[in-house]
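**Student:** Below are the sequence and a predicted model; questions follow.
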Amino acid sequence: MSARPPVRLAVLVGGAALLGGAAALSLVALGGGERLEASRPALASSPSSPSSPSSPSSPSSLSPSSPSAPLPRGTDARALGLRLLTLSNAGEVLAAMKPLTAAAEQGDVEAQIALGRIFLKGLPAIPKNAARARDWLLKAAPSRHPSAAYFLGVMSQNGEGMKADPAEAARWFEIAAQGGSPDAMFLLANAYRTGAGVPRNDRRAVELYERAGELEHPAALQALAMAYLYGELGLELSEAENRRYMMAAEHAIKHRQAPP
């Protein structure tokens, strides 16, 4: 029986292709702006607070200035959580954490996910705490929100806050993929490609890469390009398809990618 040809995976960095092993595509940096990820429709599983004259993403509306200010909810909570991930001032971080935590304790799913991301990364005055991150994400999990499922999958895959469990990671990625997360589609495709936590299935891997590619996920598009270049995943060698997917990947990587 002939040996299976080595898996060649590639990651695009600044338009250049870097070949690496299968593990290279299964690891995801959690820091803002470090991951190749495609945009997805924002899903707010709890109602937003009443509209105000200022934009939800503006600093004035993201930092309530008085105890009577409404708590951030839904998309406002998501925007506040994303802004917190960019702050370097400990005082600002602690001030914004108060209303976000209050909203999360009252059951706002977007706030719970935001706290999960914050504790997973760590911020000034907020030490990284994988166990607390997992707890907040698990509180949001019954909503089947793709962001909660995606981060729980990454934590399960990388052994953060728990023992690494590829099967559990694949289960969470499946939920997130069903919710429209291209990042989860990509990582689940990698799992089917390598047999990590699920039976190896090239056809399923290609389907997931294609779904993520339709949402302009750069690494998924490049994975397809390389598969056509080397005749992997059951695909026939095709220079034309290789060029087509590489061009699509180079186009997608130039777009600003929204966080999962």
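**Tutor:** Received, thanks. Everything numeric in this text was worked out from a predicted model, so none of it was measured.
**Student:** mind listing the strands for this protein?
**Tutor:** 9-13, 16-20 (DSSP state E).
**Student:** Neighbours of Arg244, how many?
**Tutor:** 15 (other Cβ atoms under 10 Å). Yep, even glycine has a C-beta here, placed from its N, CA and C like the rest.
**Student:** Now do the contacts for it.
**Tutor:** For Arg244, the contact set (Cβ atoms under 8 Å, 6 or more residues apart in numbering) comprises Ala225.
**Student:** any idea how far it is from Gly231?
**Tutor:** In this view, Arg244 and Gly231 are 16 Å apart by Cβ to Cβ, to the nearest Å.
**Student:** Check Asp183 too.
**Tutor:** Between Asp183 and Gly231 the computed distance is 27 Å (Cβ to Cβ).
**Student:** cool, and Arg211?
**Tutor:** 22 Å.
**Student:** More neighbours: the two, which one.
**Tutor:** Taking other Cβ under 10 Å, Arg211 and Gly231 do not tie; Arg211 has more neighbours (18 against 12).
**Student:** For the more buried one, list the residues it contacts.
**Tutor:** Taking Cβ under 8 Å, 6+ apart, we find Arg211 in contact with Ala177, Pro182, Met185.
**Student:** Burial check on the second one, number of neighbours?
**Tutor:** Pro182 has 31 neighbouring residues, counting by other Cβ under 10 Å.
**Student:** low-scoring stretches of the protein, by residue?
**Tutor:** Low-confidence segments of the chain (pLDDT under 70): 1-68, 256-257.
**Student:** Glu168: neighbouring residues, count only.
**Tutor:** 17.
**Student:** now Tyr245
**Tutor:** Residues near Tyr245, counting by other Cβ under 10 Å, number 24.
**Student:** Could I get the contacting residues of it?
**Tutor:** Under the criterion of Cβ under 8 Å, 6+ apart, the neighbours of Tyr245 are Gly213, Leu221, Gln222, Leu224, Ala225, Tyr228.
**Student:** which ones are touching Ala227?
**Tutor:** The neighbours of Ala227, taking Cβ under 8 Å, 6+ apart as the test, are Val206, Tyr209, Leu233, Leu235.
**Student:** out of those residues, which are buried?
**Tutor:** Neighbour-count burial (16 or more other Cβ atoms under 10 Å) applied to the contacts of Ala227 gives Val206, Tyr209, Leu233, Leu235.
**Student:** of those residues, closest to Ala189?
**Tutor:** Of all these, the one sitting nearest Ala189 is Tyr209; the distance, using Cβ to Cβ, is 4.7 Å.
**Student:** What's the separation between Ser229 and Phe186?
**Tutor:** Just to correct that, residue 229 is Leu rather than Ser. Taken as Cβ to Cβ, the span from Leu229 to Phe186 is 18 Å.
**Student:** The two - which one has more neighbours?
**Tutor:** Neighbour count, other Cβ under 10 Å: between Leu229 and Phe186, Phe186 has more, with 30 against 20.
**Student:** My guess is that one contacts Leu221. True?
**Tutor:** No - shown here, Phe186 and Leu221 do not form a contact pair, counting by Cβ atoms under 8 Å, at 9.7 Å.
**Student:** shared neighbours of those two, anything?
**Tutor:** Joint contacts of Phe186 and Leu221 (Cβ under 8 Å, 6+ apart) are Tyr209, Ala212.
**Student:** mind listing what's buried in stretch 161-181?
**Tutor:** Across stretch 161-181, burial judged by 16+ other Cβ under 10 Å covers 161, 166, 168-177, 179, 181.
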